[in-house]
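S.K.: Need coordinates for the following:
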Amino acid sequence: MGACSIPVRALVCSSLVLFAAACSGADSRSTAAFTADGQVIAMGGGEGGPSNACFSCHGLDGLGDGVSVPRLAGLDAGYLQKQLEDYADRLRDDATMYEAARWLDDDDRRAVAAWYAALPALSATSAATVQLSVPAIAAIGGAMLLAEPITPRLLLASAAILGGIALTIRKKG
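M.R.: Residues are numbered from 1 along each chain as shown. You can find the predicted model right below:
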């Protein structure tokens, strides 16, 4: 068993949005499963960690604050990817964005850009529902990719998460 069990990771994921990568120590295999898509990177900061998570400034909906933090939701994915590249290469000058972008490789930037480009197509309830599924998906990824054990706590936590999602979907209909 690794430094953190899957149930602990699932709890941390739901409360700190994928902070579980920090539990892996020096073994980079465990972070690969948690940086696989744009949503996970935007919510967890990817290799840069939670302090560089996009949502902490741009909001869960990617709408920014309308003043000093711009909207990302609905912008063209190519444009967003180019901006991230320019921040990482210091072609655009912003210390906060440099710190966030420098940790992302090309695939990560492409994934984050695609996530924010797709956001307007999701209602706030749909986006929140998708975000609720991340801990269960991360736990499944840990079990499948990292041979983490499937425990009763993991199954109970996943059932609670998926049950909440089912209730949300049912109320919509």
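S.K.: count of residues packed around the closest residue to Trp103 other than its chain neighbours?
M.R.: In this structure, Trp103 finds its nearest non-sequential neighbour in Gly48, 3.3 Å apart by Cβ to Cβ, 6 or more residues apart in numbering. Every residue, glycine included, has its C-beta placed from N, CA and C. Residue neighbour count, defined by other Cβ atoms under 10 Å, stands at 17 for Gly48.
S.K.: Name all residues that make contact with Gly48.
M.R.: Contact partners of Gly48, counting by Cβ atoms under 8 Å, 6 or more residues apart in numbering, are 99-100, 102-104.
S.K.: Now, the residues you listed that are in helices?
M.R.: In this view, those that belong to helices under DSSP state H are 99-100.
S.K.: okay, the contacts of Gly48 in TSV with pLDDT and neighbour count next?
M.R.: Formatted as TSV, the contacts of Gly48 follow (pLDDT from 0 to 100; neighbours: other Cβ atoms under 10 Å):
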residue	pLDDT	neighbour count
Glu99	93	15
Ala100	92	26
Arg102	94	15
Trp103	92	16
Leu104	93	25
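S.K.: need the contacts of Gly48 in CSV with distance to Leu132, can you?
M.R.: Putting the contacts of Gly48 into CSV (distance: Cβ to Cβ, whole Å) gives the following:
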residue, distance to Leu132
Glu99, 28
Ala100, 24
Arg102, 30
Trp103, 25
Leu104, 24
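S.K.: Just flag the most distant two among the contacts of Gly48.
M.R.: Longest distance between any two of the contacts of Gly48 is 10.8 Å, between Glu99 and Leu104; criterion Cβ to Cβ.
S.K.: tell me which of the contacts of Gly48 is nearest to Gly38?
M.R.: Nearest to Gly38, judged by Cβ to Cβ, of the contacts of Gly48 is Leu104 at 10.2 Å.
S.K.: Looks like the closest one contacts Ile41 (just checking).
M.R.: Yes - taking Cβ atoms under 8 Å as the contact criterion, Leu104 and Ile41 are neighbours in contact, 7.0 Å apart.
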